[in-house]
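Student: Sequence unavailable; structure follows:
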């Protein structure tokens, strides 16, 4: 939330979700609300650099847990994989040019490959479902 709605003021949302033009002005309003929420929650009280470092540590932990396994707990996907994939999918497909995506692409390649594997196994129609022209 800090990167998407505070640093980038909600612009990444326009790149991953179709929002009709008349409603795009509302993104700025939501960004302000999310910024306030990050302050109340506490993460917004840290510098962008500190938040990025927290994210790096989280990705390192997940990467270490995954190791060379196809899924978090071994050879079969579990509920944990559903949760992890849900969070990482936001980074992979809704955070263009973010430091977190660059981390996945370079430092935590096993997590990057994991996301591709999860997407292909459980969401074979992913691209069709997200095709903006069909909506």
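Tutor: Arrived safely, thanks for sending. Source: prediction; values computed, not measured.
Student: biggest helix in the protein by residues?
Tutor: The helix spanning the most residues in the chain, taking DSSP state H as the definition, is helix 48-66.
Student: That one packs against which elements?
Tutor: If you count contacts as 3 or more C-beta pairs under 8 Å, 6 or more residues apart in numbering; DSSP states H and E, helix 48-66 packs onto helix 99-106, helix 109-122. Where you see a C-beta, it was placed from the backbone N, CA and C, and this is true even at glycine.
Student: which residues touch the longest one?
Tutor: Counting contacts by C-beta atoms under 8 Å, 6 or more residues apart in numbering, the residues outside helix 109-122 that touch it are 59, 62-63, 66-68, 70-71, 77, 81, 84-85, 88-89, 92, 104-105, 126.
Student: before we move on, what about the shortest one?
Tutor: The contact list for helix 99-106, computed with C-beta under 8 Å, 6+ apart, reads 3, 52, 55, 56, 59, 88, 91, 92, 95, 111, 112, 115.
Student: out of those residues, who's nearest residue 31?
Tutor: Minimum distance to residue 31 across the contacts of helix 99-106 is 11.6 Å, recorded for residue 3 (C-beta to C-beta).
Student: mind listing what the closest one touches?
Tutor: Shown in contact with residue 3 (C-beta under 8 Å, 6+ apart): 12, 48, 51, 52, 95, 98, 99, 100.
Student: Nearest residue to the fourth one in space, please, no chain neighbours.
Tutor: Right, residue 52. Excluding the flanking residues, the one nearest residue 52 by C-beta to C-beta, 6 or more residues apart in numbering is residue 99, at 5.3 Å.
Student: likewise the second one?
Tutor: Of all residues not flanking residue 48 in the chain, residue 7 sits nearest, at 5.9 Å (C-beta to C-beta, 6+ apart).
Student: Tell me, how many residues neighbour that neighbour?
Tutor: 17 (other C-beta atoms under 10 Å).
Student: gap between residue 98 and residue 80?
Tutor: Residue 98 is 24 Å from residue 80, where distance means C-beta to C-beta, to the nearest Å.
Student: the more surrounded of the two?
Tutor: residue 98 (19 against 12).
Student: List of residues touching stretch 58-67?
Tutor: By C-beta under 8 Å, 6+ apart, stretch 58-67 touches 72, 84, 88, 100, 103, 104, 107, 108, 110, 111, 114.
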